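S.K.: take a look and give me a structure for this.
(one chain, ligands or ions: 1)
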Amino acid sequence: MEEPECLLSSRFFLKSTIFEVNLSRIRLTWRNLQTKAASGSHNTSNKFKVVSGSVPVCEIIAVYEAQGISPIKNGQRWTQEQEKACQGAFTVSYVEREGQHHWRPRDVTFHWPDTPTCRHWVSTIREQISLLNHRPKRLLVYINPNSGKRQAKQIYEQRVAPLFSRASVSTHVIVTRDRDHAKDHLASDADLTKYDGVVCVGGDGMFSEVLHGLLTRTQRDAGVDQNSAEQNPAPCGIRVGIIPAGSTDCICYASVGTNDPVTSALHIIVGDSHALDVCSVHHRNKFLRYSVSMLGYGFYGDVLMDSEKKRWMGPVRYSVSGFTTFLAHHSYEGTVYFLPATDVSGSPRDKTKCRAGCLPCQRDGRPLSDDSGKDKETPNKDHHHGWQMIQGKFLAINAASMSCACPRSPEGLSPAAHLSDGTTDLILVRDCSHFNFLRHLYRHTNTDDQFDLGFVEVHRIRRFRFVPGNDLEPEWKGDRPIQFSPSYGCQPTWGRWSCDGEVLHQATIEVGVHCGLIQLFARGIEAQEGFQEQSTPSTQTV
Ligand SMILES: Nc1ncnc2c1ncn2[C@@H]1O[C@H](COP(=O)(O)OP(=O)(O)OP(=O)(O)O)[C@@H](O)[C@H]1O
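M.R.: Numbers count the residues shown, from 1 in each chain. The predicted model follows:
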């Protein structure tokens, strides 16, 4: 590949070593000119050895004149004479990769006697950064102070705000007062024209709130009727960032590879973008919710219902409810109609993980406009325009739109699910023995194939509809059934859905996947083995 034109080339001191520093539109590189001499010297301590390095311009966080920073030679400050002779200096702050998909800000300071040269470098690098117009300059930030361990405000103020300020990203911060504050503000009052992105500080529930606020607003502005399951929702025009601070940060794990606030802040600063599929959930032509991670009926719905009653227990409630729900072993009758995604290259069992730049997320090269309304009719027969039907008794029906990997389940519910291929993985677990169900659940905690069991099947699909057993489900108003007649029996035969951690009381639902409806400040999980070549560990002790 042709080398991009060199914009600047100078010599600078990096500590006491002289470096040739080059800037092109793509990269900043620094090359130790004394490497050979240094390698012959027995006095050079490894600890203070300064090595060559390089960083892509798009991963430079900031550059500034470094005043009052005294160069250090082998652990000792320079003498006054040396400092005087080398007054000019500038610091480049850039992204460095650590293991486990963590990103960290790193500084390198170059010194030279000639201050104007340093200033010229600072202004030229800034000019190059300003050409990166995908970087956000103004952000609207919502903090849920009650997320997770109630540390969201501290996390933002101590670890994220200083980075935004270093990168000259201005922010308007709103600490939410209660549930739905962010959603209502986004859906009505917020002047979104003033911002290049919306950031939520919290867990998956907080992200869901922001998503609902933004998408509701987008549909209203675009004149799309949210209650119509047949209409394509309009894509949201503003990117969303998540600073993880909740008890579940599944979307961060799937889109960045970790739940580290600094890493997420850096992805926002460099202006990364990754599309995210959104499922719309309707009940009898009434919009219920959007989902981006997981819809679960039967086991996961029951765990969520039970855990809501045990909120006083804190996060341990999920384990307690999981255990009691497992013992209850409740299976539900029903019929699932689904439209398989026959036009995608991947399958839920192909072991191809969703990674930065992966082919399925680029929609195999097809543009988003390909998402026509074909095959959208609701099925009323067993096979209708490609629709399929499965009837039976199920312990669990799950739809995973992303892997849902997290520390408890490193591979996730559907390890090969993709963030933006316009599909969801429908996992059906038929009624089976306690022991077999435990085998299936246990496989979520290791690398064994959880689908390789006779009572489990998985389909990559575009839409589905579920109707509980005898379809006697009443009409609902919120979480209350209307005209709930005793003739339905005391024990309802339908379960509840867990929709990204929120209970849906309606069992009869229709779900459609909408490809790339929202853009995240993320780039997908970078290949782990590539992190050493992609990152450019530059200087050991800069
Ligand atoms: N100020 C607030 N007080 C109480 N609840 C809030 C507030 N702001 C937002 N919420 C709600 O809190 C819920 C949980 O938030 P979040 O996802 O950030 O934390 P979490 O600890 O991961 O959640 P969960 O309890 O679901 O595990 C969200 O559904 C959100 O709507």
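
S.K.: just give the closest residue to Val467, not the sequence neighbours.
M.R.: Thr335 (4.9 Å; CB to CB, 6 or more residues apart in numbering). Where C-beta positions appear, they are placed from N, C-alpha and C, glycine not excepted.

S.K.: now stretch 151-160: average pLDDT?
M.R.: The average pLDDT within stretch 151-160 is 97.

S.K.: then stretch 260-274?
M.R.: For stretch 260-274, the per-residue pLDDT averages 98.

S.K.: residues of it that come out buried?
M.R.: For stretch 260-274, burial by neighbour count (16 or more other CB atoms under 10 Å) applies to 260-272, 274.

S.K.: what is the nearest of those to Leu438?
M.R.: Asp260 (32.6 Å; CB to CB).

S.K.: for the spatially closest residue to the closest one that is not a sequence neighbour, grab phi and psi.
M.R.: Nearest residue to Asp260 in three dimensions, chain neighbours excluded: His102, at 5.3 Å (CB to CB, 6+ apart). Dihedral pair for His102: phi -80, psi 140, per degrees, to the nearest 10.

S.K.: let's see the pLDDT reported for the residue of the chain found nearest the ligand.
M.R.: Among all residues of the chain, Gly203 sits closest to the ligand, at 2.1 Å; criterion: CB to the nearest ligand atom. What the model reports as pLDDT for Gly203 is 95.

S.K.: follow-up on the earlier one: show me what contacts the residue nearest to Val467?
M.R.: 389-391, 466-467 (CB atoms under 8 Å, 6 or more residues apart in numbering).

S.K.: now do Pro105
M.R.: Applying CB under 8 Å, 6+ apart to Pro105 gives the contacts 61, 93-96, 163, 166, 262, 266.

S.K.: so which of those residues are in helices?
M.R.: Under the assignment DSSP state H, the contacts of Pro105 contribute 163, 166, 262, 266 to helices.

S.K.: tell me the one among the residues you listed nearest to Asp191.
M.R.: Sorting these by distance to Asp191 puts Leu163 at the head of the list, at 24.8 Å, by CB to CB.

S.K.: so where do the helices sit in the stretch 151-300 of the chain?
M.R.: Per DSSP state H, counting those that start in this stretch, the stretch 151-300 of the chain carries helices over the ranges 152-155, 161-166, 181-184, 204-222, 250-255, 261-269, 299-309.

S.K.: of the ones you listed, which shows the lowest average pLDDT?
M.R.: helix 299-309 (a mean of 93).

S.K.: is the ligand contacted by that one?
M.R.: No: where contact is defined by CB under 6 Å from any ligand atom, no part of helix 299-309 touches the ligand; the two come within 9.2 Å at best.

S.K.: quick one: is the helix or strand just after that helix near the ligand?
M.R.: Later in the chain than helix 299-309, the nearest helix or strand by DSSP states H and E is helix 317-328. No: contact of helix 317-328 with the ligand (CB under 6 Å from any ligand atom) is absent, the minimum separation being 8.2 Å.

S.K.: could you give the angle of helix 317-328 to helix 299-309?
M.R.: 130 degrees (axes from the mean of the first three to the mean of the last three CA atoms, to 10 degrees).

S.K.: you'd agree Cys515 is up against Gly422?
M.R.: Yes: between Cys515 and Gly422 there is a contact at 3.2 Å, judged by CB atoms under 8 Å.

S.K.: between these two, which has more neighbouring residues?
M.R.: For Cys515 and Gly422, the more surrounded residue by other CB atoms under 10 Å is Gly422, and the numbers stand at 24 against 21.

S.K.: show the pLDDT at the more buried one.
M.R.: pLDDT for Gly422: 95.

S.K.: same question for it, what's its three-state structure.
M.R.: Following DSSP: H, G, I helix; E, B strand; the rest coil, the label given to Gly422 is coil.

S.K.: quick check: it touching Arg463?
M.R.: No: counting by CB under 8 Å, Gly422 does not reach Arg463; the two are 10.6 Å apart.

S.K.: mutual contacts of those two, please.
M.R.: Joint contacts of Gly422 and Arg463 (CB under 8 Å, 6+ apart) are Val513.

S.K.: which residue packs closest to Cys432, ignoring adjacent ones?
M.R.: Of all residues not flanking Cys432 in the chain, Phe455 sits nearest, at 4.2 Å (CB to CB, 6+ apart).

S.K.: residue numbers of the stretch 1-150 of the chain in contact with the ligand?
M.R.: Counting by CB under 6 Å from any ligand atom, the stretch 1-150 of the chain comes close to the ligand at 144-148.

S.K.: how about JSON lines for those residues, with pLDDT, secondary structure and neighbour count added?
M.R.: Rendered in JSON lines, the data for those read as follows (pLDDT from 0 to 100; DSSP: H, G, I helix; E, B strand; the rest coil; neighbours: other CB atoms under 10 Å):
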{"residue": "Asn144", "pLDDT": "97", "secondary structure": "coil", "neighbour count": "26"}
{"residue": "Pro145", "pLDDT": "97", "secondary structure": "coil", "neighbour count": "16"}
{"residue": "Asn146", "pLDDT": "93", "secondary structure": "coil", "neighbour count": "16"}
{"residue": "Ser147", "pLDDT": "91", "secondary structure": "coil", "neighbour count": "26"}
{"residue": "Gly148", "pLDDT": "85", "secondary structure": "coil", "neighbour count": "19"}
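
S.K.: widest-spaced pair of those residues?
M.R.: Checking these with CB to CB, the most distant pair is Pro145 and Gly148, at 10.4 Å.

S.K.: quick check, Val458 in contact with Asp425.
M.R.: Yes: in this structure, Val458 is within contact of Asp425 by CB under 8 Å, at 5.8 Å.

S.K.: tell me which of the two has more neighbours.
M.R.: Neighbour count, other CB under 10 Å: between Val458 and Asp425, Asp425 has more, with 28 against 20.

S.K.: quick one: low-confidence parts of this structure?
M.R.: Residues of the chain that meet the criterion pLDDT under 70 lie in 1-3, 35-50, 68-86, 363-385, 470-492, 528-542.

S.K.: tell me how it divides into domains.
M.R.: Per the record, the chain has its domains at 6-132, 134-273+521-537, 278-366+377-512, by automatic domain parsing.

S.K.: coming back round to it: how many neighbours does the residue of the chain closest to the ligand have?
M.R.: For Gly203, the neighbour count with other CB under 10 Å is 25.

S.K.: from Gly501, how far off is it?
M.R.: Gly203 sits 8 Å away from Gly501, taking CB to CB, to the nearest Å as the criterion.

S.K.: hang on, the earlier thing: the residue nearest to Asp260 is in contact with Ser264, isn't it?
M.R.: No: using CB under 8 Å, His102 is not in contact with Ser264, being 10.5 Å away.

S.K.: filter the contacts of Thr335 to the buried ones?
M.R.: Judged by 16+ other CB under 10 Å, buried ones among those: 390, 466-467.
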